[in-house]
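J.: pasting the sequence and the predicted model now:
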Amino acid sequence: MAIKKVVAALIILPALANAAEDEIATDRPDFVESSNVVGKGRFQIETSFAADRNKADGIKEKTYSTPTLLRYGIGDAWELRLETDGRIRSTTTDTASGVRLTESGYADVSLGVKWHIADEQGARPSMGVLAHVDLDTGSAPFRAQGKGGSLRLAAEWEFADDWSLGVMPGLAWLPNDNGERHTTGIFGIVVGKGWTEQLRTFVEYSDERLARARDGGTISTLDVGVAYLVTNTVQIDTALSRGLNHRTPDWSWTVGLSMKF
């Protein structure tokens, strides 16, 4: 009997470990990135539909896009990344005159790497560093006036009762309308709660851009969302964002699907 229990343990424990290793960990739908990578030889796609609404100074704007992130593990602690807002359709309406302008096309592409530099241990969080280069490859209405880039640190803590905390400070180098680059800040903080093994929710404050008015100003949002694991390698999610200043869209909504292979 004892031998059977030992044999069963030798079979079950590795299976549980593999299941935990294979479980998908996404960088969406919250703004703060995960500190984890997908694993050597693994491929992950995180795609979505997003809608933004804004009304200011008599102008009403609606934008629809398909944000997509592709991740491929080149090592146990490294992954390559390709990110884009995908297909975009933007409609601007002058509420006084009724004149409407609609533009469609494709967003720029960002290439990057993520390095998982440390697992969580004691008070030390799980940490990952992300570096990206933004390429001016999009359609004319949505193309940046030059190349840019960013460097971010993602840090995560896990607490009792499935609570979690994540923070992400960073810097970005963005081109202005003349193609001249300027430096801006990035910051996000998110609190998450797991309700079951499949379901988690989050509340987040994010600064996609921390900048002076002459460099485009700060973009800040308050975000809430939910993610559900359909299987260990498939996640569906949705999130709603409220803009906190006049430079940020009033409302943004996204729904997404992520799969790990």
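T.: On my side now, so go ahead. Small disclaimer: the values here were computed from a predicted structure and weren't measured.
J.: am I right that W157 is in contact with S164?
T.: Yes: using Cβ atoms under 8 Å, W157 is in contact with S164, at 6.6 Å. For the C-beta atoms, the positions are set from N, CA and C on the backbone; glycine is no exception.
J.: for stretch 46-64, give the mean pLDDT please.
T.: Across stretch 46-64, pLDDT averages out at 96.
J.: okay, R214: pLDDT?
T.: Confidence at R214, expressed as pLDDT, is 84.
J.: is it in a helix, a strand, or coil?
T.: Of the three states, R214 takes helix under DSSP: H, G, I helix; E, B strand; the rest coil.
J.: and it, what does it touch?
T.: R214 makes contact with no residue, according to Cβ atoms under 8 Å, 6 or more residues apart in numbering.
J.: I'd like to know how far it sits from K40.
T.: 45 Å (Cβ to Cβ, to the nearest Å).
J.: got it, and R200?
T.: Applying Cβ to Cβ, the value for R200 to K40 is 26 Å.
J.: out of these two, which sits in the busier spot?
T.: R200 (19 against 13; other Cβ atoms under 10 Å).
J.: dump the helix or strand where that one lies to PDB, restricted to CA.
T.: Using DSSP states H and E, R200 maps to strand 199-210. Extracted in PDB, the C-alpha atoms of strand 199-210 (Å, rounded to 0.1, in the frame of the first residue of the first chain):
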ATOM      1  CA  LEU A 199     -11.800  34.100 -12.000                       C
ATOM      2  CA  ARG A 200     -10.000  37.200 -11.000                       C
ATOM      3  CA  THR A 201     -10.900  40.900 -10.800                       C
ATOM      4  CA  PHE A 202      -8.800  44.100 -10.600                       C
ATOM      5  CA  VAL A 203      -8.800  47.800  -9.900                       C
ATOM      6  CA  GLU A 204      -6.100  50.000 -11.300                       C
ATOM      7  CA  TYR A 205      -4.700  53.500 -11.600                       C
ATOM      8  CA  SER A 206      -2.600  54.100 -14.700                       C
ATOM      9  CA  ASP A 207      -0.500  56.900 -16.300                       C
ATOM     10  CA  GLU A 208       0.100  55.800 -19.800                       C
ATOM     11  CA  ARG A 209       2.000  59.100 -20.300                       C
ATOM     12  CA  LEU A 210       3.400  61.500 -17.600                       C
END
